[in-house]
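In: Sequence and predicted model, in that order:
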Amino acid sequence: MPDQIYLSVVVPSYRSSEILERNLPFLLAYLQKQDYSSEVLVVDDGSNDHGATEEVCRKLGCLFFSNPANMGKGAAVRTGMMAARGLFRIFTDADIPYELDAIGTMLRYLDFKEFQLVIGDRNLRGSTYLTEIPELRKFTSIFFTRFVGTIVTANFFDTQCGLKGFRGDVADFIFRHARINGFAFDVELLYIALKQNFEIKRIPVRLNNNSEKSTVRVFRHGITMFFDLFKIKINNVKGYYRGQKEDSRELPS
């Protein structure tokens, strides 16, 4: 593919034009210093902000995409991942919360050590996330992680860290099969990956920016997320995540 590039970074956004304008320049400056080609794709999830997010992207030189309505973070990430051209693809949050050297670490494992996914894990030694957030968010994060590990991912890892990287062909496969639009989409991505026995590497993350107000509403979104977890199990029973037969020619090896 002649227009393929090395790295795509997908940034989902909802009413985040000011946050993007403040934080995207740090990501762009980091990427410009690297010796590989890259692109940053911002996906606005139906903000109805009168073009403010698109204007920020135009000014900063990022690619802009939008969903026709507010569908959820999962839908925004999926739109970006399916539009991305990178051999490797990473998504992160609009406030660029983690130290950027994690990108280099992810690429090292994806490219040279041949892992198919690399994910940030806030529970690993070397991470600083859980020491930097309010107590309520810390409690809900730990509770949700343990609940998910019990019924979905077999105690495998922290699913909700907003920093995940994929080999391009693996991203195509996973996001083509993904169905969850809300915040539980991270769980679904990893559930699909585990079902396919993809090689997953966890890395510690260091919180660099905790000044932005979270868009997660603990109780309202929490209820939706728990329902989505059961949807994931139902989707699996219905065969939506299978790839061995119908997609065998496309399955990454």
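Out: Okay, I see it.
In: Could you pull out the helices in the stretch 101-250 of the chain for me?
Out: Listed from the start of the chain, the stretch 101-250 of the chain has helices (DSSP state H, counting those that start in this stretch) covering 101-107, 135-151, 168-177, 185-195, 218-237.
In: ranking the ones you listed by mean pLDDT, which is last?
Out: For these, the weakest mean pLDDT is recorded on helix 135-151, namely a mean of 59.
In: Quick check: residue 191 touching residue 236?
Out: Yes - Residue 191 is within contact range of residue 236, at 7.3 Å (criterion: Cβ atoms under 8 Å). For glycine as for every other residue, the C-beta is placed from the backbone atoms N, C-alpha and C.
In: Then residue 8 would be within a strand, right?
Out: Yes - in this structure, residue 8 lies within a strand as judged by DSSP: H, G, I helix; E, B strand; the rest coil.
In: Give me the distance between it and residue 87.
Out: According to Cβ to Cβ, to the nearest Å, residue 8 stands 9 Å off from residue 87.
In: just residue 6 next, same as before
Out: As defined by Cβ to Cβ, residue 6 lies at a distance of 6 Å from residue 87.
In: Just the buried residues of stretch 224-239, please?
Out: 225, 228-229, 232, 235-236 (16 or more other Cβ atoms under 10 Å).
In: chain center to it, what's the gap?
Out: Taking the mean C-alpha point of stretch 224-239 and that of its whole chain, the gap between them comes to 19 Å (Cα atoms, centre = their mean, to the nearest Å).
In: Who does the residue lying closest to residue 121 once chain neighbours are set aside form a beta bridge with?
Out: For residue 121, ignoring the flanking residues on the chain, the nearest one in space by Cβ to Cβ, 6 or more residues apart in numbering is residue 202 at 4.1 Å. Residue 202 has the following beta-bridge partners by DSSP bridges: residue 119.
In: May I ask you to confirm that residue 202 is in contact with residue 122?
Out: No - taking Cβ under 8 Å as the contact criterion, residue 202 and residue 122 are not neighbours in contact, 10.0 Å apart.
In: Tell me which of these two has more neighbours.
Out: Of the pair residue 202 and residue 122, residue 122 is the one with more neighbours under other Cβ atoms under 10 Å, namely 26 against 19.
In: mind checking how far the more buried one is from residue 6?
Out: When residue 122 is compared with residue 6 (using Cβ to Cβ), they lie 27 Å apart.
In: And what about residue 3, helix, strand or coil?
Out: coil.
In: Wait, it touches residue 87, no?
Out: No - using Cβ under 8 Å, residue 3 makes no contact with residue 87, being 11.9 Å away.
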